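**Q** The following comprises the amino acid sequence and a computationally predicted model.
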Amino acid sequence: MTGPAGGWDTGEYERLAGVAVAALSRHVAESQAGEKPVGAPPPLPELIETLELRSLIRDGGLDEDGFEPWLERVLDHSVRLHHPAEIAHQVAAPDVPSAIADLVQGGINQPMSIYEMGPSAHAMERVVVEWMTEQIGWREGGGGVLTHGGSLANLTALLAARAAIAPEAWSEGVDGTLAVLAPPSTHYSVRRSVAMLGLGERAVVDLEVDELERIVPDALEDALERCRDAGRRPMALVAASCATSTGLHDDLEAVGGFCREHGIWFHVDAAHGAPALLSPAHRHMLSGIEHADSVIWDTHKMMRTSAIAAAVLLREEWRLEAAFKQKASYLIYEEADESGSSLLERQVECTKAALGARIFMNLAFRGPDGLGRHVAEQYDKTLRFWEMIEARDGFECLSRPESNILCFRYGRDPELQVALRERLLRDRRFHLSSTEVHGERWLRMSVMAPVTSEETIEGLLDAIEEAAAAA
Ligand SMILES: Cc1ncc(COP(=O)(O)O)c(C=O)c1O
């Protein structure tokens with residue numbers, strides 16, 4: 001059904017939105033209560049069948065009456081991020097204000113790279129980036145842009161680093177002399193960015209790491225020498241706050257000091273950990289971040305927005321525009337003016353979703369303190385879970401956690417860890433992830449949902465013991 005001349009039937013909108021909002025509320029309430037199973041979805045072909053996806057896109061036919069039961073099936077086959085036992089990945093259980101921002105933007109559709117194409121959404125991005133820059137401790141000249149995710153933010157930061165050391169690369173290409181220094185544990189998007197920037201993956205010089213895969217500051221001189229011996233110029237050095245696998249932080253003071261001393265671009269991948277800046281008890285873990293030349297910060301991890309929203313932030317904002325030399329005369333027809341009418345000069349994307357709106361809404365409703373409390377609560381709970389796991393026979397943790405990511409195992413057999421994870425998933429009781437640290441297999445939890453509790457973890461450890469006994 002459509003409205004006048006094919007426009008909206010606003011009555012249809014209200015009815016469908018009413019059904020969707022009610023179904024979503026039930027879904028989240030059931031998830032938070034831990035009433036429904038989590039874990040393994042059916043095989044993909046089966047799910048396509050269950051949701052009638054092929055016939056619906058070919059023949060249409062979904063209507064107001066059919067929508068509710070169909071949506072229930074969709075929700076039943078979605079990951080329940082608000083569930084206490086959903087502890088697998090670093091994906092936020094989104095908060096209400098951010099969810100509402102998505103509802104609003106879904107209707108008004110404000111791709112806002114150009115101010116005139118989405119004034120309020122553009123303004124929100126500007127103030128969100130300004131606020132993030134302040135949290136890092138950069139007062140004058142700092143700034144950045146929001147991107148569709150941390151991977152794109154890493155690429156953008158490294159593009160700015162490349163422009164700083166090799167400005168001719170934009171027009172001439174790269175000459176094979178550049179290098180990026182990073183630990184082997186760096187997020188894969190860093191290596192991928194290096195390859196995409198034309199440096200070749202072998203331009204990544206591995207930094208020495210300790211037994212917990214953190215950069216060893218004392219070994220940085222050696223790495224620099226290796227880099228120079230290979231005839232390469234260091235384009236950037238990448239540290240993590242915190243590392244994806246382990247949730248542990250590199251020593252940003254020491255690494256940042258080294259970079260400053262040697263004039264190397266210092267990039268901090270704080271996709272996961274940056275929101276700890278909002279918790280007075282935890283911000284010390286990012287001490288030294290202010291020395292960075294560039295930082296990335298995801299909000300769809302610890303700031304409770306939906307995926308995907310990230311920022312790339314630079315100590316010297318002008319370096320971001322120096323990274324993009326291109327002109328598109330139909331969109332960018334003058335130098336960026338003081339009113340800041342366009343973001344195109346500083347981002348990969350042309351059309352961009354109103355990412356700032358979902359971040360702004362969480363900040364406006366919860367305040368930075370509220371979000372900081374969320375981070376602190378998940379980090380503190382994870383510390384208690386570490387104590388509980390360490391106290392149980394047969395279990396061990398990789399290390400004391402520094403975030404809401406914790407690696408642990410039952411026994412030492414790598415195959416057992418994989419089998420345990422799969423068993424829990426099949427039983428649809430707990431959704432964990434797993435990772436390798438220095439070649440050893442660990443179970444891994446990311447504590448994202450506010451409702452995950454000590455009781456949840458007691459249940460998890462019992463379930464692991466039962467599964468191991470049955471293996
Ligand atoms: C440290 C780190 N950097 C970058 C990324 C990539 O971010 P995104 O998934 O937003 O592209 C992740 C994702 O988990 C991450 O943990």
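**A** Right, received. Where do you want to start?

**Q** What are the neighbouring residues in contact with the residue in the chain that the ligand sits nearest to?
**A** Closest residue of the chain to the ligand, Cβ to the nearest ligand atom: residue 150 (2.6 Å). For the C-beta atoms, the positions are set from N, CA and C on the backbone; glycine is no exception. With contact set as Cβ atoms under 8 Å, 6 or more residues apart in numbering, residue 150 has these partners: 187, 189, 269, 271, 296, 298, 310.

**Q** Give me the subset of those lying in strands.
**A** Counted as lying in strands by DSSP state E, out of those, are 269, 296, 298, 310.

**Q** overlap between the residues you listed and the residues near the ligand?
**A** Checking these against the ligand by Cβ under 6 Å from any ligand atom, the ones in range are 269, 298, 310.

**Q** Take those residues and write them to CSV, including distance to residue 85.
**A** What follows is those, written out as CSV (distance: Cβ to Cβ, whole Å):
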residue, distance to residue 85
269, 29
298, 23
310, 27
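
**Q** Is it possible to get TSV of the residues you listed that adds neighbour count, distance to residue 458 and pLDDT?
**A** Converted to TSV, these look like this (neighbours: other Cβ atoms under 10 Å; distance: Cβ to Cβ, whole Å; pLDDT from 0 to 100):
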residue	neighbour count	distance to residue 458	pLDDT
269	30	34	98
298	27	31	98
310	27	35	98
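
**Q** if we take the residues you listed, which one ends up nearest to residue 404?
**A** Lowest distance from residue 404 to these (Cβ to Cβ) belongs to residue 298, with 13.6 Å.

**Q** Please tell me how far residue 455 sits from residue 139.
**A** Between residue 455 and residue 139 the computed distance is 45 Å (Cβ to Cβ, to the nearest Å).

**Q** Please disregard the earlier target; I meant residue 367.
**A** For residue 367 relative to residue 139 (Cβ to Cβ), the value is 21 Å.

**Q** Next: residue 86.
**A** 39 Å.

**Q** neighbour count winner among the two?
**A** residue 86 (26 against 9; other Cβ atoms under 10 Å).

**Q** who's that one bridged to?
**A** Under the criterion DSSP bridges, residue 86 forms beta bridges with residue 431.

**Q** Which neighbouring elements make contact with the helix or strand hosting residue 379?
**A** Counting by DSSP states H and E, the element that carries residue 379 is helix 355-391. Secondary-structure packing of helix 355-391 (3 or more Cβ pairs under 8 Å, 6 or more residues apart in numbering; DSSP states H and E): helix 96-108, helix 119-136, strand 143-147, strand 395-397, strand 405-410, helix 454-470.

**Q** Can you list the buried residues in it?
**A** Going by neighbour count (16 or more other Cβ atoms under 10 Å), the buried part of helix 355-391 is 355-363, 366, 368, 371-372, 374-376, 378-379, 381-382, 385-386, 389.

**Q** go on, stretch 413-420?
**A** Within stretch 413-420, the residues scored as buried using 16+ other Cβ under 10 Å are 416-417, 420.

**Q** Output those in a markdown table, with pLDDT and distance to the ligand appended to each entry.
**A** Converted to a markdown table, the buried residues of stretch 413-420 look like this (pLDDT from 0 to 100; distance: Cβ to the nearest ligand atom, whole Å):
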| residue | pLDDT | distance to the ligand |
| --- | --- | --- |
| 416 | 97 | 26 |
| 417 | 97 | 20 |
| 420 | 97 | 23 |
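
**Q** what does the protein have sitting close to the ligand?
**A** By Cβ under 6 Å from any ligand atom, the residues of the chain that approach the ligand are 90, 149-151, 154, 187, 189, 240, 244, 269, 271-272, 298, 308, 310.

**Q** contacting residues around stretch 308-316?
**A** Under the contact criterion Cβ under 8 Å, 6+ apart, stretch 308-316 has outside partners 128-129, 132-133, 136, 138, 141-150, 152-154, 156-157, 160, 271, 290, 292-300, 320, 355-356, 358-359.

**Q** Can you give me the end-to-end span of stretch 298-313?
**A** Start-to-end span of stretch 298-313 (Cα to Cα, to the nearest Å) is 11 Å.

**Q** can you check stretch 26-42 too?
**A** So stretch 26-42: terminal residues 22 Å apart, Cα to Cα.

**Q** I'd guessed residue 237 sits against residue 266; true?
**A** Yes: Residue 237 is in contact with residue 266 according to Cβ atoms under 8 Å; the separation is 5.8 Å.

**Q** Report the contact partners of residue 297.
**A** 132, 153, 270-271, 274-275, 310-311, 313 are the contacts of residue 297 under Cβ under 8 Å, 6+ apart.

**Q** tell me the two of these that are most distant?
**A** 153 and 275 (14.6 Å).

**Q** Looking at these two now, which is surrounded by more residues?
**A** The neighbour count for residue 153 versus residue 275, taken as other Cβ under 10 Å, is higher for residue 153 (29 against 26).

**Q** and residue 56, how far is that from residue 447?
**A** Counting by Cβ to Cβ, the separation of residue 56 from residue 447 is 37 Å.

**Q** Just give the number of residues close to residue 184.
**A** Look at residue 184: counted by other Cβ under 10 Å, it has 12 neighbours.

**Q** for residue 446, phi and psi?
**A** With angles defined as degrees, to the nearest 10, residue 446 sits at phi -120, psi 110.

**Q** That one: how many residues sit nearby?
**A** Residue 446 has 25 neighbours, counted by other Cβ under 10 Å.

**Q** That one and residue 92 touch, don't they?
**A** No: Residue 446 is not in contact with residue 92 according to Cβ under 8 Å; the separation is 10.2 Å.

**Q** Got the confidence number for the residue nearest to residue 165 when sequence neighbours are not counted?
**A** Sequence neighbours aside, residue 235 is the residue nearest to residue 165 in space, at 5.2 Å (criterion: Cβ to Cβ, 6 or more residues apart in numbering). Looking at residue 235, its pLDDT reads 98.

**Q** which SS state does residue 235 fall under?
**A** strand (DSSP: H, G, I helix; E, B strand; the rest coil).

**Q** ok, it to residue 167 distance?
**A** Here the criterion is Cβ to Cβ. By it, residue 235 lies 12 Å from residue 167.

**Q** Spatially central, which residue of this structure would that be?
**A** Geometric centre of the chain, nearest residue: residue 298, 4.4 Å, by Cα atoms, centre = their mean.
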